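Student: Below is the sequence, then the predicted model.
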Amino acid sequence: MNKPKVMHSAILLLALSCLSFIAFAQREALKQKLQAKLDSLCIEGKFPGLNAGIVLPDNAVIAIASGVADSARHIPMTPDAWMMQGSVGKTYCSAIAMQLIKEGKFNLDDKISKYLGHYVWFNRLPNAQDITIKMLMNHTSGIMRYEFKDAFTKDLSANPGKVWKPEEELAYVFDEKALFKAGEGWDYADTNYIVLAMIIEQVTGKKYYDLLHERILKPLHLTQTLPSDKRTLKGLVQGYAGKDNPFGGKSEVIADNGEFIINPQFEWTGGGIYSTSKDLAIWCKLLYEGKAFDPSMLPTMEEGVPAKMLGPNTNYGLGVIIHQSQKYGTFIGHSGFFPGYMTEMYYFPQYKMAFAVQTNSSDFKNLKMSVLHVLAELAKTTYELQNMHN
């Protein structure tokens, strides 16, 4: 009586096994093609090393690496190597802010004076009384960068062990004339996200990195992502910043004793995170598919203002760069720089694929292509092969 049912189940299991095997074989073929592409780009671009993480529409993850993690010691780059994300770290801070907005802790249109106006230094910030939280998040506040000011880079290099307080960093822009009236221009500055995090800590009563762990890293199982909050960062591969590096004065950013030549802790919410490219790609897909905060808030995050400094057809939202491409449509994410490292992380909504590419070099003078070009080439290869199998 049950034989037809048993046979039907066996046939179904066999069919599913065949489909699973085909999907696996296709994924392995794609991985081989991507590896060959990354190897050629690594050589052509004269990168010491490259890492890439790709998350496909079905959430399958591909992690590949090319080149070397340490050129002096001839240590090959591997997919589990950790690198600094640089400004890509702003995406986590923005996600936490979106959570807090949904919870009613603050509003995008709130003036920052509501939260920070009691500090004796507050009115020394450019545009202090007119800035809103939204202006911090989309870089329309008129506050300039502190991180590239000569006085700051000299002090940072001269005091590599110093643990920086946010107000000490803000002091480098105190009493400066604003770049433009609040809300009437665009200029990128880590300073905006330092101020934002001070507000986040005030309304929650918790330290930012504790919030990062509790609200993002732990619930989303991002086990290969950590704060870059001290000079010795376990797993971080050697980075090369070039001989003209103003952040510490040396090309190799990790000394023989394993310490960074400056204290990465200063970056905080201007970036402040290091990871593997695989974990970064996973974060990218989770973030832009609405898994990091209420998905109804994604349109608000992705409502951008023109950011011509970042290239043609480019806008900046709330911690997100929005590119328009004739071939691939809109793609969203963020770029990152930290002395010795560069990162690109982008999601292609039309194809439901996420890409993260990192290199252990910020030696712009000697690199022959951008990391964004590497990401675009990997995206092109992935799309063409995926399309061929569908």
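Tutor: Received the coordinates, thanks. Numbering: from 1, shown residues only.

Student: check contacts around residue 74.
Tutor: residue 68 (CB atoms under 8 Å, 6 or more residues apart in numbering). From N, CA and C alone the C-beta is placed, and that goes for glycine too.

Student: Same check on residue 127?
Tutor: Counting by CB under 8 Å, 6+ apart, residue 127 has contacts 141, 142, 143, 178, 181, 182.

Student: same deal with residue 163?
Tutor: So residue 163 contacts 263, 265 (CB under 8 Å, 6+ apart).

Student: between the contacts of residue 127, which has the most around it?
Tutor: Neighbour count (other CB atoms under 10 Å) singles out residue 141 as the most crowded of the contacts of residue 127, with 32 neighbours.

Student: What confidence value was assigned to that residue?
Tutor: Among the per-residue scores, residue 141 shows a pLDDT of 98.

Student: Which pLDDT value goes with the closest residue to residue 189 other than its chain neighbours?
Tutor: Excluding the flanking residues, the one nearest residue 189 by CB to CB, 6 or more residues apart in numbering is residue 145, at 4.3 Å. Note for residue 145: predicted pLDDT of 97.

Student: How is residue 145 assigned, secondary-structure-wise?
Tutor: For residue 145, the assignment made with DSSP: H, G, I helix; E, B strand; the rest coil gives coil.

Student: Was I right to think it contacts residue 190?
Tutor: Yes: shown here, residue 145 and residue 190 form a contact pair, counting by CB atoms under 8 Å, at 6.3 Å.

Student: So these two - more neighbours on which side?
Tutor: residue 190 (25 against 17).

Student: Please list all residues in contact with that one.
Tutor: So residue 190 contacts 87, 145, 146, 147, 267, 270, 271 (CB under 8 Å, 6+ apart).

Student: please redo it, this time with the cut-off set to 7 Å
Tutor: 145, 146, 147, 270 (CB atoms under 7 Å, 6 or more residues apart in numbering).

Student: for residue 76, same thing?
Tutor: 68, 69.

Student: does residue 38 sit in a helix, a strand or a coil?
Tutor: helix.

Student: Tell me, how many residues neighbour it?
Tutor: Count around residue 38 with other CB under 10 Å applied: 24.

Student: and if you look at the one 10 residues further on?
Tutor: Other residues within reach of residue 48 by the criterion other CB under 10 Å amount to 23.

Student: Now do the contacts for it.
Tutor: 67, 68, 71, 240, 360, 361.

Student: Quick check: closest non-adjacent residue to the most centrally placed residue in the chain.
Tutor: For the chain, the residue nearest the mean C-alpha position is residue 88 (2.0 Å; CA atoms, centre = their mean). Distance criterion CB to CB, 6+ apart; nearest residue to residue 88, sequence neighbours excluded, is residue 336 at 3.8 Å.
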